[in-house]
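Visitor: Turn this into a model:
(one chain, ligands or ions: 2)
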Amino acid sequence: MESNMTNDMHLGIDQMGSCHPYGGSSESAVIFTQEFHSLLNILRPYGTGRNPIGVTDIMQAVSTPADSSSEVLSNPVGVTDIKQADSSPALTNVIIAGPCSVESESQILATARALAQIPQVTMLRGGIWKPRTRPDAFEGRGEQGLVWLREAKRETGLPIITEVATPEHVELALKYEVDALWIGARTVVNPFSVQQLADALQGTDIPVFIKNPISPDLKLWIGAFERFQKAGLSQLAAIHRGFAYYKESPYRNFPMWEIPIELTQQLNVPLITDVSHICGNRELLQATAQKALDLATDGLMIECHIHPEEALTDGKQQITPDELKTLLFNLTFRSKQSCHVERDLAGLRGEIDDIDSELLQLLARRMEVSAQIGEYKKQNNVTVVQMDRWKKILADHVAAGEDMGLSPILINKVFEAIHQASIERQSDIMENE
Ligand code: PEP
Ligand code: MN
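Guide: Ligands and ions are numbered 1, 2, ... in the order given. Below you'll find the model as predicted:
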């Protein structure tokens, strides 16, 4: 992607309306009004042992001026080198890193210690209860894992986040001082489970990060937000982890960026991209993380393991803390303003792709019906071209198109081409005895 937005792009966004700083347009039905900052309050450093540069400083350091769309900030030699915007809202990137699963005390402690040395890392993740596709696979350490995760938090000062899927998980996570929860993709597909979790969390205001459901179902995702919001939880964020999809793709889960973008346009929530579960392999991580930043997402979730090759779950997609450091170093953090332009464009491009695909299917269907007419004409000895009928149809289409704001030239060209292809198809049928 170009770092300098062209005038055309700016024109485009002006015509579309203003960009909301957190993704929703001013016209959208914003139901979550909490500032991103309130979510980030929990990300302040805990205890001692944490890098002397506080998380808040880092967040401010990676925030970029809202008004300099062409400015590119490359991250980070020293975070203090990076220019701090004085007037723009301090939009920041949350980096949630840690293993897919908490496996042992030594594994989580070694991973956490190394991650705590990376200033951009704002939270430590670790799965305690693992939803597995098939039985007999490693299903997480349960309560024992929470003891180790809390130890990692106490030692490094990193806030911790884990996945909860049942009210019992919620109870234990709160008992072991987990700072934030995420709801997994397999749980979000089930409104009964989501409701049970929302009920279990009523009365707390712990930050809840809601992953997209596995299926590309925006309404189901939004429904999960509504359930937590109704239960009084105000610190909600979205995690985009890609979607199961029938198309061949190099991704483990197809990104379908337009869906999370649409979510942020309908709900005013921060959006984190879980690049690990989108990619499913290490090779795609860098480019996908860059794409997420280019689309103005508010942070990344990246699975990290001290020895990825020994990981009990998701080994192929995990990277070492050192590799994470390199990945973050090679990311370009752009001005949020220009990224929001890109985000809106990506959403609209996704819509265009969908419309084009519908057009193609309609054309194929039309051609099919035309072939059936050809067969019929052949059996009944009717000529292929019936000029009078066609002239009338075309005139009707031009008039209808004009009512929809479409130019007669466009309608004539498109339908002449379609008609021509139809005639050729029917002629072929006639000639093939
Ligand atoms: C995970 O984060 O390890 C996980 C199981 O995620 P998801 O629910 O996105 O599959
Ligand atoms: Mn995982």
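Visitor: Please identify which residue in the stretch 251-400 of the chain comes closest to ligand 2.
Guide: Residue of the stretch 251-400 of the chain nearest ligand 2, by CB to the ion: Asp314 (3.8 Å). C-beta coordinates here come from the backbone N, C-alpha and C atoms, glycine included.
Visitor: my guess is that residue meets Glu303, correct?
Guide: Yes: with contact defined as CB atoms under 8 Å, Asp314 counts as touching Glu303 (6.1 Å).
Visitor: Looking at these two, which is more packed in?
Guide: Higher neighbour count among Asp314 and Glu303: Glu303, with 29 against 19, using other CB atoms under 10 Å.
Visitor: hang on, the more buried one is in a strand, isn't it?
Guide: Yes: assessed by DSSP: H, G, I helix; E, B strand; the rest coil, Glu303 belongs to a strand.
Visitor: Burial check on the closest residue to it other than its chain neighbours, number of neighbours?
Guide: Leaving aside its sequence neighbours, Glu303 sits nearest to Ser276 (CB to CB, 6 or more residues apart in numbering; 4.0 Å). Number of residues near Ser276 (other CB under 10 Å) recorded here: 29.
Visitor: And the helix or strand encompassing Ile210, what does it pack against?
Guide: Using DSSP states H and E, Ile210 maps to strand 208-211. Contacts defined by 3 or more CB pairs under 8 Å, 6 or more residues apart in numbering; DSSP states H and E place strand 208-211 against strand 180-183, helix 185-188, helix 218-230, strand 236-240.
Visitor: So which bits of it are buried?
Guide: For strand 208-211, the neighbour count (16 or more other CB atoms under 10 Å) marks Val208, Phe209, Ile210, Lys211 as buried.
Visitor: Next, find the distance separating the last one from Glu177.
Guide: Going back to what we said before, that points to Lys211. Per CB to CB, to the nearest Å, Lys211 is found 22 Å from Glu177.
Visitor: Once you drop chain neighbours, what's closest to the closest residue to ligand 1 within the stretch 301-433 of the chain?
Guide: Nearest to ligand 1 in the stretch 301-433 of the chain, going by CB to the nearest ligand atom, is Asp314, at a distance of 6.4 Å. Spatial nearest neighbour of Asp314, chain neighbours left out: Cys100 (4.0 Å); criterion: CB to CB, 6+ apart.
Visitor: List the contacts of the residue in the stretch 101-250 of the chain that ligand 2 sits nearest to.
Guide: For the stretch 101-250 of the chain and ligand 2, the shortest gap (CB to the ion) falls at Gly127, measuring 6.3 Å. Each residue near Gly127 by CB atoms under 8 Å, 6 or more residues apart in numbering is listed here: Pro99, Cys100, Ser101, Val102, Gly140, Thr162, Glu163, Thr313.
Visitor: how deep is the fifth one tucked in, by neighbour count?
Guide: Other residues near Gly140 come to 22 when the count uses other CB under 10 Å.
Visitor: what helix or strand is the residue nearest to Phe228 when sequence neighbours are not counted on?
Guide: Ranked by CB to CB, 6+ apart and with sequence neighbours excluded, the top spatial neighbour of Phe228 is Ala198, at 5.0 Å. For Ala198, the host element (DSSP H and E) is helix 191-201.
Visitor: near ligand 1 at all, that helix?
Guide: No: judged by CB under 6 Å from any ligand atom, helix 191-201 makes no contact with ligand 1; its nearest approach is 12.3 Å.
Visitor: quick one on the thing from earlier: dihedrals phi and psi, the residue of the stretch 251-400 of the chain closest to ligand 2?
Guide: Torsion angles at Asp314 (phi, psi; degrees, to the nearest 10) stand at phi 50, psi 40.
Visitor: got a list of what it touches?
Guide: Cys100, Ser101, Ser276, His277, Glu303.
Visitor: Is there proximity between stretch 270-282 and ligand 2?
Guide: No: counting by CB under 5 Å from the ion, ligand 2 has no neighbours in stretch 270-282; the shortest distance is 6.0 Å.
Visitor: is it true that the residue nearest to Glu303 lies in a helix?
Guide: Yes: checked against three-state DSSP, Ser276 lies within a helix.
Visitor: re earlier: wait, what's in contact with the closest residue to the residue of the stretch 101-250 of the chain closest to ligand 2 other than its chain neighbours?
Guide: Of all residues not flanking Gly127 in the chain, Ser101 sits nearest, at 4.4 Å (CB to CB, 6+ apart). Ser101 sits next to Gly126, Gly127, Ile128, Lys130, Phe138, Gly140, Arg141, Gly145, Ala311, Leu312, Thr313, Asp314 when contact means CB under 8 Å, 6+ apart.
Visitor: Quick one, grab the pLDDT at Ser101.
Guide: Ser101 is assigned 98 on the pLDDT scale.
Visitor: any idea how far it lies from Ala417?
Guide: 56 Å.
Visitor: Ok, Leu312 next?
Guide: Distance of Leu312 to Ala417, computed by CB to CB: 58 Å.
Visitor: Who has more neighbours out of these two?
Guide: Leu312 (19 against 10).
Visitor: Skipping adjacent residues, who's closest to the more buried one in space?
Guide: Phe138 (4.3 Å).
Visitor: Tell me if I am right that that neighbour is in a strand.
Guide: No: using three-state DSSP, the secondary structure at Phe138 is coil, not a strand.
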